[in-house]
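Engineer: Take this sequence and fold it.
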Amino acid sequence: MSLLTSTSAFTDLPRLIAAGVVRYGLILALVAVSAIFSAATPTFLTLANLQSILVNNFTLLAIVSIAMTFAVSSGGIDLSVGTAMDFASFAFVSLVLAGQPVAIAALAGLAAGALVGAFNALLISGIGVSPFLATLGTLFIGRSVQQLLTNGGNPVYLPPSGVPEAFRFLGHGTIAGLPVPLAAAILIIAAAAVVFARTRFGRVILSIGIQPAVVRYSGIGTSTHIAATFVIVGLIAAVAGLILTATVTVYIPSSGNAFLLNAIGATFIGTTLSPFGRPNVGGTVLGVLLLSIVANGLLLTDLNFYWQQVGTGTLIFAVLALSFINRKAAGYA
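Structural biologist: Now for the predicted structure:
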């Protein structure tokens, strides 16, 4: 090897390292955070705790974050995913309490979530309201409607003696050894991956998120695709609402909003897995896993709840900021 070649390779080394951090920074963050908590508490790497992370921390957030990934991929955002969860939960519980079969109640819950998505679709594609403002309005309207339906926000409980077996199975049953909620999350993740990687609809949505004008000038109905996307978002969020209700056997007004900020965080953390900063299913899943590990690890270290929120927010900021800096240094931004 000549001296010139050696010098060139040495000069390119920082650029190659920066590109590697851009591409694999999220994975490195996962490894680093896991190592820190493993050293901080001996119970972190136990089988019981790892199962707890997947079932209690990962599952519902993963479903909601996949819904958010659809919205962000189309160039928008959905602040009403929690509202879709809540409406689905309310419809589900109400019909089960009324003595309707669990299957009928579940379908009604899914329809309620899809209805929230359809309302957003009408505002965004039909009227032309921006996704941020449209879904923010839906969030506020949904919160008020829930207060009215529950006499000021009273929870709706299912009596322990009256919980149908099918309802209990949805929240606590197993399929092939997997908890039903986790199996549902895996199925939704796989379906979303196929949609984005293998279908025309998924490719169009990604294209709209990158260059909407080009897609529109190509003769593709952007409004129709965006409308369908927000209905899908509402439907996926509704699945999370059904699972949440079946797990805790109670509907608590506005409880779905607890997942909103973390879902946004996981989705945007996931963009760091793409060299171009685009939403992607794999990145979102790793983002959810990172936030789940952090939430679990901070809980095991007995930190105050508010410090846990500070830690999560700081991590999100650090991952996104470092990725942007390194992406710019590597020439991707």
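
Engineer: Now name the helix or strand holding the nearest residue in space to residue 232 that is not next to it in sequence.
Structural biologist: Leaving out its chain neighbours, the residue that sits closest to residue 232 by Cβ to Cβ, 6 or more residues apart in numbering is residue 70, at 5.6 Å. Where you see a C-beta, it was placed from the backbone N, CA and C, and this is true even at glycine. If you go by DSSP states H and E, residue 70 is part of helix 59-73.

Engineer: next one: residue 303
Structural biologist: Short version, using DSSP H and E: residue 303 is in no helix or strand.

Engineer: Check whether the residue nearest to residue 232 really touches residue 229, as I assumed.
Structural biologist: Yes. Counting by Cβ atoms under 8 Å, residue 229 is a contact partner of residue 70 at 5.3 Å.

Engineer: tell me the contacts of residue 226?
Structural biologist: Residues in contact with residue 226, defined by Cβ atoms under 8 Å, 6 or more residues apart in numbering, are 74, 76, 121, 124-125, 205, 208.

Engineer: actually residue 79, sorry about that
Structural biologist: Counting by Cβ under 8 Å, 6+ apart, residue 79 makes contact with 132, 135-136, 138-139, 260.

Engineer: Can you name the next helix or strand after the host helix or strand of residue 31?
Structural biologist: Using DSSP H and E, residue 31 maps to helix 3-40. Next helix or strand after helix 3-40 toward the C-terminus (DSSP H and E): helix 47-52.

Engineer: What ranges in this structure fall below the confidence cut-off?
Structural biologist: Regions of the chain meeting the criterion pLDDT under 70 cover residues 1-23, 304, 322-333.

Engineer: all strands of it, in order?
Structural biologist: For the chain, applying DSSP state E gives strands covering 156-157, 174-175, 178-179, 250-251.

Engineer: and the gap between the residue nearest to residue 232 and residue 225?
Structural biologist: Distance, residue 70 to residue 225, by Cβ to Cβ, to the nearest Å: 11 Å.

Engineer: re the thing from before, return the closest of the contacts of residue 79 with respect to residue 42.
Structural biologist: For the contacts of residue 79, the minimum distance to residue 42 (Cβ to Cβ) is 33.6 Å, reached by residue 260.

Engineer: quick one, what contacts the spatially closest residue to that closest one that is not a sequence neighbour?
Structural biologist: Leaving aside its sequence neighbours, residue 260 sits nearest to residue 82 (Cβ to Cβ, 6+ apart; 4.8 Å). Residue 82 is in contact with 64, 139, 237, 254-260, counting by Cβ under 8 Å, 6+ apart.

Engineer: try 6 Å
Structural biologist: Going by Cβ atoms under 6 Å, 6 or more residues apart in numbering, residue 82 touches 256-257, 260.

Engineer: Run through who's touching stretch 106-120.
Structural biologist: Contact with stretch 106-120 is made by 83-84, 87-88, 91-92, 95, 134-135, 138, 230-231, 233-235, 237-238, 242, as judged by Cβ under 6 Å, 6+ apart.

Engineer: That'll do, ta.
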